[in-house]
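>>> Next comes the sequence, and after it the predicted model I'd like to discuss.
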Amino acid sequence: MRIIMSDIPDLPVGKGDELKAPNEMEKLHHCTGCFTCWIKTPGECIIKDNYADMGALLGRCEELVFVSKCTYGGLSPFVKNVMDRVLPNLLPDFTVRNNEQHHKLRYDNAINLSAYFYGADVTESERATALSLIPAIALNFGAQVIDVSFFKTEDEVKEAFV
């Protein structure tokens, strides 16, 4: 399964893909950092919205894709908020990966991670930040970076994404 976290609501996706994008009919609630998904309901977020299953979805996915406006070298606020909701995918105890301390993963699946950034005025500094951010996120998810690409417009991303 491929999970796509995108701030482009009408991104064309394939059959079987799980698109998490802005939708006027549903509200994305922010992770409150209550850690209930670690302590009281292991692996399950107690915030009941269309993003409550993000941890379990990530535990079943083979490919994770970020499609985001490059915002100061990082993910857009919407995509970052969706990413924060995958906290149930992690365990509260720690392990060492790449000589760094990280939370243990709840699930044992291999994830390929790609990021498609867009923005007409992305600076070289923002590009460099994004290029260092995605491998750091991948390390937290136990994932492997497959691609990090930059585009000028949303339409260019849509064309490349099909």
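Thanks, I have the structure now.

>>> How are the strands of this structure distributed by residue range?
All strands of the chain, identified by DSSP state E, fall at 2-6, 18-20, 63-69, 90-97, 100-105, 111-118, 143-151.

>>> which one of the ones you listed lies closest to residue 53?
Closest to residue 53 of the strands of the chain, according to C-beta to C-beta: strand 18-20, at 9.3 Å. C-beta here means a position set from N, CA and C on the backbone, and glycine is covered the same way.

>>> Touching that closest one from outside, list them.
Strand 18-20 is contacted by residues 1-6, 11, 13, 51, 54, 57, 61, 82 when judged by C-beta atoms under 8 Å, 6 or more residues apart in numbering.

>>> what does stretch 119-131 give?
69-74, 115, 117, 148, 150, 152-153.

>>> nearest spatial neighbour of the most centrally placed residue in the chain, skipping sequence neighbours?
With distances taken as C-alpha atoms, centre = their mean, the residue of the chain nearest its centroid is residue 83 (4.2 Å). When the adjacent residues along the chain are set aside, residue 83 lies closest to residue 5, with 6.2 Å between them (C-beta to C-beta, 6 or more residues apart in numbering).

>>> List the contacts of that neighbour.
20-21, 64-68, 79, 82-83.

>>> longest helix of the protein?
The residue-count maximum for a helix in the chain (DSSP state H) belongs to helix 124-141.

>>> Just the CA trace of it, in CSV.
Extracted as CSV, the C-alpha positions of helix 124-141 are listed here (Å, rounded to 0.1, in the frame of the first residue of the first chain):
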residue,chain,number,x,y,z
GLU,A,124,19.1,27.0,-2.4
SER,A,125,19.1,27.1,1.4
GLU,A,126,15.5,25.8,1.6
ARG,A,127,16.4,23.1,-0.8
ALA,A,128,19.4,22.0,1.3
THR,A,129,17.3,22.0,4.4
ALA,A,130,14.7,19.8,2.7
LEU,A,131,17.3,17.5,1.4
SER,A,132,18.6,16.9,4.9
LEU,A,133,15.1,16.8,6.5
ILE,A,134,13.8,13.9,4.5
PRO,A,135,16.6,11.4,5.4
ALA,A,136,16.1,12.4,9.1
ILE,A,137,12.3,11.7,8.8
ALA,A,138,13.1,8.4,7.0
LEU,A,139,15.4,7.4,9.9
ASN,A,140,12.7,8.0,12.4
PHE,A,141,10.3,5.8,10.4
